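J.: Quick one, structure for this:
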Amino acid sequence: MTYEAAPAKILIVDDLPENLLALDALIRGEDREIVQASSGDKALTLLLDNEFALAILDVQMPGMNGFELAEFMRGTDKTRSIPIIFVSAAGKDLDYAFKGYESGAVDFLHKPLDAHAVKSKVNVFVDMYHQRGALVAAREELQHAVKMRDDFMSMVSHELRTPLNTLFLQTQIRKMNLEKGSPTAVSTEQQRQGVERDQRQIQNMVKLIDDMLDVSRLRRGALAIWPKPTDLSLLVRRVMDGFADQAASAGCEIHLKAPPAISGVWDEFRIEQVVANLLTNATRYGPGKPVDVSVESIPGGARLSVRDRGRGIAPQDQERIFGQFERAVDKDQIPGLGLGLYITRQILAAHGGSISVSSVPGEGATFVVNLPQDSSTARRD
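T.: The predicted structure follows:
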């Protein structure tokens, strides 16, 4: 988040129009907006409706004079911290100056005004206003970063605890059997199933750690891609073969429509990661339902589509889900850190490609990936 400084508003108050025009012309600049008031009453309305970096008040005005206006400002929360400069034609009367400072002035100017002095003083307050704004923005950004860190650590802890608990339980069972002196109490088939469960849990933890490392690389701008000649059809088939057990556990049949070969220049490992992320989402959000995968050539590149028949994604969420730690549903309903689509989009951007989603709630979602034929000329992050 970058702080974009809004023009600093400066309120000038004087009952004489010619004085307002002269002061306006003297202090005007690109980084500020001058607001004029011809009386204390009009100034009050403006003060309550705007945020000012500085108020320059004429002392001698009919009705509410500058001192009275300053006292009102100091008695109101919204205007209490606005710096005040008094302007007076009464000469260098010390009583006036003392009264001005007692009313909360930060400076006191005497007419006729010294143009250089006025410009310098106003510039100081405008700079201070922008610096305060930048500090507030930096503090908010830091607070947001701390909250994201805390949320991230909480999610990581939650996601690691489940597979670790399963692994711990399995080792306890094996330990009990060994202590009883009956290693054959568990059949070979049961042992095989237990080892497969352990392997899946370990793979889940490795995937989680890999995602965390990728996010760290992305934040440092260090996610490199190494394109080389790759067959996208073969790559997708290979990922699907490795994904068979996970798909079976989710009760999903994955159907592939692809030509024998589609050649291009891509980072094989990273594109495998993209396909695996999309298949993981499809089976998580559409368990027990088929998943359709298609690969095709398009002018200048290749296209990969993954369609599930799950719960779908609401229109207002279809861009949000590509952010860090974002997901289409509550985190308690679906496991994961909400990093898969974020990492997928960044990988594709590094290839010069893109990803989009179309969905009707209740009817599933289709993710479409477009890749240029040759990603070796794309920027490397």
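J.: least trustworthy helix or strand in this protein by mean pLDDT?
T.: Least confident helix or strand of the chain, by mean pLDDT, DSSP states H and E, is helix 94-102 with a mean of 56.
J.: any chance you could map the helices in the stretch 151-300 of the chain?
T.: For the stretch 151-300 of the chain, the helices defined by DSSP state H, counting those that start in this stretch cover 188-220, 232-242, 244-249, 268-285.
J.: angle of the last one against helix 232-242?
T.: It refers to helix 268-285. Per axes from the mean of the first three to the mean of the last three CA atoms, to 10 degrees, the angle that helix 268-285 makes with helix 232-242 is 50 degrees.
J.: Could you name the helices and strands sitting against helix 268-285?
T.: strand 228-231, helix 232-242, helix 244-249, strand 291-298, strand 301-307, helix 340-350, strand 365-372 (3 or more CB pairs under 8 Å, 6 or more residues apart in numbering; DSSP states H and E). In this view, the C-beta of every residue, glycine as well, is placed from N, C-alpha and C.
J.: Could you tell me the angle between the direction of that helix and that of strand 301-307?
T.: Using the same axes, to 10 degrees: helix 268-285 against strand 301-307 is 20 degrees.
J.: coming back round to it: quick one: the helix or strand that the least confident helix or strand of the chain is followed by to chain centroid distance?
T.: Later in the chain than helix 94-102, the nearest helix or strand by DSSP states H and E is strand 107-110. Using CA atoms, centre = their mean, to the nearest Å, the distance from the centre of strand 107-110 to the centre of the chain it belongs to is 46 Å.
J.: do the same with stretch 54-69
T.: So, by CA atoms, centre = their mean, the centroid of stretch 54-69 is 45 Å from its chain's centroid.
J.: likewise stretch 168-183?
T.: Worked out by CA atoms, centre = their mean, stretch 168-183 lies 47 Å from the chain centre.
J.: Let's see that stretch as PDB, backbone CA atoms only.
T.: C-alpha atoms of stretch 168-183 as PDB (Å, rounded to 0.1, in the frame of the first residue of the first chain):
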ATOM      1  CA  PHE A 168       1.100 -39.300  16.000                       C
ATOM      2  CA  LEU A 169      -1.900 -41.500  16.400                       C
ATOM      3  CA  GLN A 170      -0.600 -44.000  13.800                       C
ATOM      4  CA  THR A 171       2.800 -44.200  15.500                       C
ATOM      5  CA  GLN A 172       1.100 -44.700  18.900                       C
ATOM      6  CA  ILE A 173      -0.800 -47.600  17.600                       C
ATOM      7  CA  ARG A 174       2.300 -49.200  16.100                       C
ATOM      8  CA  LYS A 175       4.200 -48.600  19.300                       C
ATOM      9  CA  MET A 176       1.400 -50.400  21.300                       C
ATOM     10  CA  ASN A 177       1.600 -53.400  19.000                       C
ATOM     11  CA  LEU A 178       5.300 -53.600  19.300                       C
ATOM     12  CA  GLU A 179       5.200 -53.300  23.100                       C
ATOM     13  CA  LYS A 180       2.700 -56.100  23.200                       C
ATOM     14  CA  GLY A 181       5.200 -58.200  21.200                       C
ATOM     15  CA  SER A 182       2.600 -58.800  18.500                       C
ATOM     16  CA  PRO A 183       3.800 -57.000  15.300                       C
END
